[in-house]
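# Provided below are the primary sequence and the corresponding predicted coordinates.
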Amino acid sequence: MDWIEELAPVQGEMVAIPSGTFAMGSDDFYIEERPVHRVRVEQFQLDKYAVSNRDFAEFVQATGYRTTAETPLESSAAVGLTEEQLAPGSLVFHMTEGPVPLDDVRAWWRFVPGASWRQPEGPGSSLDGRQDHPVVHVTYFDALAYANWAGKSLPNEKEWEFAARAGATTEFPWGNELRPGGQAVANTWHGDFPYLNDRSPDAFLTVRVDAFEPSAYGAYNMIGNVWEWTSEVFRGQHNPDRSCCAPDRPMRGQDRLVLKGGSHLCSASYCERYRPAARSPQEAGSSASHIGFRCVVR
């Protein structure tokens, strides 16, 4: 993967999202997306790319910020966690050796002490070749800290979905087929989840923030690659039997926030949350190897 380092660094910029009214949600897939309802969004600016490791490193260098995953948890604030789970660390996806029951996400998620945005797979891993991949292992609080430093905000859910749809009324921003003409146009799981993926075994699961073609609004990778934090508190029902997201690290008094966009782990053989309407709840203080973010300016 050394060739990635030879590519030009991604330059952060924003795209203009117009005002508009759209049909938010879907009645065709998961219960948390229902019912379809019309909402209005006022114009705003959206990050063209998800925040990258390069971007986040600049923030950390300027501020000395330490992420939640790099900080031990207080036992008084946690609920039923072991000593190991209180240590600095985060949740890392591990491909299974074969088919497993799909009703328990713990079959493919592990809490790894020492895993963080700097070491995505845990001690011994690094960001080599991934400076322009989306930053991961960031909690909502980490994303908010970055946004405040950058003079921006996190999008609310309707802003995010409106931008991701980019004026389309189809299932995906590019049409009704996930892989039109058999061609991958987003970084999702191709194969039988969670043990068989057609990606090269030495390839990273994330891809560069400028991979694939941009949407009609000029934004990249709002479908797949990494789930993205919004500022919206999750309300409504959720089907945990087909949950794309990682287990929470249960903390007292924390809200669950809405994640949008799906990730490289979303699969037709497991779930189909690689759509603009899809949404999933995640505890604000939880982090994982498939969750990142982008920012807005209103």
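That came through, no problem. Numbering: from 1, shown residues only.
# show me where the stretch 101-250 of the chain has helices.
140-149, 157-165 (DSSP state H, counting those that start in this stretch).
# Could you single out the most deeply buried of these?
helix 157-165 (a mean of 24; mean count of other C-beta atoms under 10 Å). For the C-beta atoms, the positions are set from N, CA and C on the backbone; glycine is no exception.
# Run through who's touching that helix.
17, 20, 22, 24, 39, 41, 44, 46, 155, 173, 215, 217, 219, 222-223, 228, 230, 232, 258, 260-261, 276-277, 279, 296 (C-beta atoms under 8 Å, 6 or more residues apart in numbering).
# Mind doing that once more with 6 Å?
Contacts of helix 157-165 with the rest of the structure, by C-beta atoms under 6 Å, 6 or more residues apart in numbering, involve 17, 22, 24, 39, 41, 46, 222, 230, 232, 258, 260, 276.
# Just put those in TSV and tack on secondary structure, pLDDT and distance to residue 292.
Listed next are the contacts of helix 157-165 as TSV, based on DSSP: H, G, I helix; E, B strand; the rest coil; pLDDT from 0 to 100; distance: C-beta to C-beta, whole Å:
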residue	secondary structure	pLDDT	distance to residue 292
17	strand	97	19
22	strand	97	24
24	strand	96	22
39	strand	96	25
41	strand	97	22
46	strand	98	14
222	coil	97	11
230	strand	98	12
232	strand	96	16
258	strand	96	14
260	strand	97	11
276	coil	96	17
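# Ranking by neighbours, what's the top pick from these?
residue 276 (28 neighbours; other C-beta atoms under 10 Å).
# Would you confirm that residue 255 contacts residue 233?
Yes: Residue 255 lies in contact with residue 233 (C-beta atoms under 6 Å); the separation is 4.9 Å.
# can you pull the contacts of residue 150?
Residue 150 makes no contacts at all, as judged by C-beta under 6 Å, 6+ apart.
# where in the stretch 1-150 of the chain is pLDDT low?
1-7, 11, 75-78 (pLDDT under 70).
# pLDDT at the closest residue to residue 184 other than its chain neighbours, what is it?
In space, and not counting its chain neighbours, residue 184 is closest to residue 190: 7.0 Å by C-beta to C-beta, 6 or more residues apart in numbering. The model reports residue 190 with a pLDDT of 89.
# Please report how far residue 34 lies from residue 28.
9 Å (C-beta to C-beta, to the nearest Å).
# make that residue 211, sorry
Separation of residue 211 from residue 28 (C-beta to C-beta): 28 Å.
# When those two are compared, which one has more neighbours?
Using other C-beta under 10 Å as the criterion, residue 211 and residue 28 rank with residue 211 on top: 18 against 12.
# what's the pLDDT at the more buried one?
For residue 211, the pLDDT comes out at 96.
# Kindly provide the distance from it to residue 267.
Taken as C-beta to C-beta, the span from residue 211 to residue 267 is 18 Å.
# mind listing what the residue nearest the centre of the chain touches?
Residue closest to the mean C-alpha point of the chain, counted by C-alpha atoms, centre = their mean, is residue 227 at 1.7 Å. Residues counted as contacts of residue 227 (C-beta under 6 Å, 6+ apart) are 259, 261, 263, 290, 291.
# Now with 10 Å, please.
Listed by C-beta atoms under 10 Å, 6 or more residues apart in numbering, the contact set of residue 227 reads 134, 136, 244-246, 258-266, 273, 278-280, 282, 288, 290-293.
# Next: residue 121.
Taking C-beta under 10 Å, 6+ apart as the criterion, residue 121 is in contact with 92, 93, 94, 112, 114, 115, 204, 205, 289.
# Over to residue 113?
Residue 113 neighbours (C-beta under 10 Å, 6+ apart): 69, 84, 85, 86, 87, 88, 89, 90, 122, 123.
# Among those, which one lies nearest to residue 99?
The nearest member of those to residue 99, counting by C-beta to C-beta, is residue 122 at 25.2 Å.
# Good, wrapping up.
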